[in-house]
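Undergrad: What would the 3D arrangement of this be:
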Amino acid sequence: MASNDDARGIRIGDVHGSAFSIGGSNNTNTVHNGGGAQDRAPSAEELLEGVRELRAALVRLPRSPERAQLDAELDEAAGELEEAEEIRPGLPARLRGALERWAPLVETLSAATALGGLLASLGG
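TA: Here you go, the predicted model:
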């Protein structure tokens, strides 16, 4: 049986031709991945847009040290994506780690679900 800490965490894996949900506390955000023409890895620009949308959504949350730490991580990722034409190795894993680490904070934000979907389409 999983402990309470295990139950609150999320893990983003490889998603193909299926759907996944992120949520808790009676709030669930679902992303459907139907494959086909959209079954391609997102560009650095698309990932940057996802990061920016999550940063904008964070502003609506109460201020906290956790929110500030996640925003700093997202700011660093945005800086890398703005300077690159391609997604640098390691960046998707760092973003996945941030979403997993801060899942209780962002579980109600659809922007977190959208970013999670982009990261899932990158695989690994």
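Undergrad: Grab the nearest non-local neighbour of A98.
TA: Nearest non-adjacent residue to A98, counting by C-beta to C-beta, 6 or more residues apart in numbering: E73, 4.7 Å away. (Glycine included, C-beta is placed from N, CA and C.)
Undergrad: Name the surrounding residues that touch stretch 69-86.
TA: The contact list for stretch 69-86 (C-beta atoms under 8 Å, 6 or more residues apart in numbering) reads 44-45, 47-48, 51-52, 54-55, 58, 87-88, 91, 94-95, 98, 102, 105-106.
Undergrad: Can you list which of the residues you listed are found in helices?
TA: Members of these lying in helices (criterion: DSSP state H): 44-45, 47-48, 51-52, 54-55, 58, 91, 94-95, 98, 105-106.
Undergrad: that older thread, of the contacts of stretch 69-86, grab the buried ones for PyMOL.
TA: Remark: buried members of the contacts of stretch 69-86, expressed as a PyMOL selection using 16 or more other C-beta atoms under 10 Å:
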select buried, resi 44+47+48+51+52+54+55+58+87+91+95+98+102+105+106
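Undergrad: just to revisit the earlier point, quick check, nearest of the ones in helices among the contacts of stretch 69-86 to E66?
TA: L105 (5.3 Å; C-beta to C-beta).
Undergrad: What number of residues are in the vicinity of the closest residue to that closest one other than its chain neighbours?
TA: Nearest non-adjacent residue to L105, counting by C-beta to C-beta, 6+ apart: E66, 5.3 Å away. The number of residues packed near E66 is 15, by other C-beta atoms under 10 Å.
Undergrad: just checking, E66 touches A103?
TA: No: assessed by C-beta atoms under 8 Å, E66 is found out of contact with A103, at 10.9 Å.
Undergrad: between those two, what contacts are shared?
TA: Counting by C-beta under 8 Å, 6+ apart, no residue touches both E66 and A103.
Undergrad: If anything else comes up later, I'll come back, but that's it for now.
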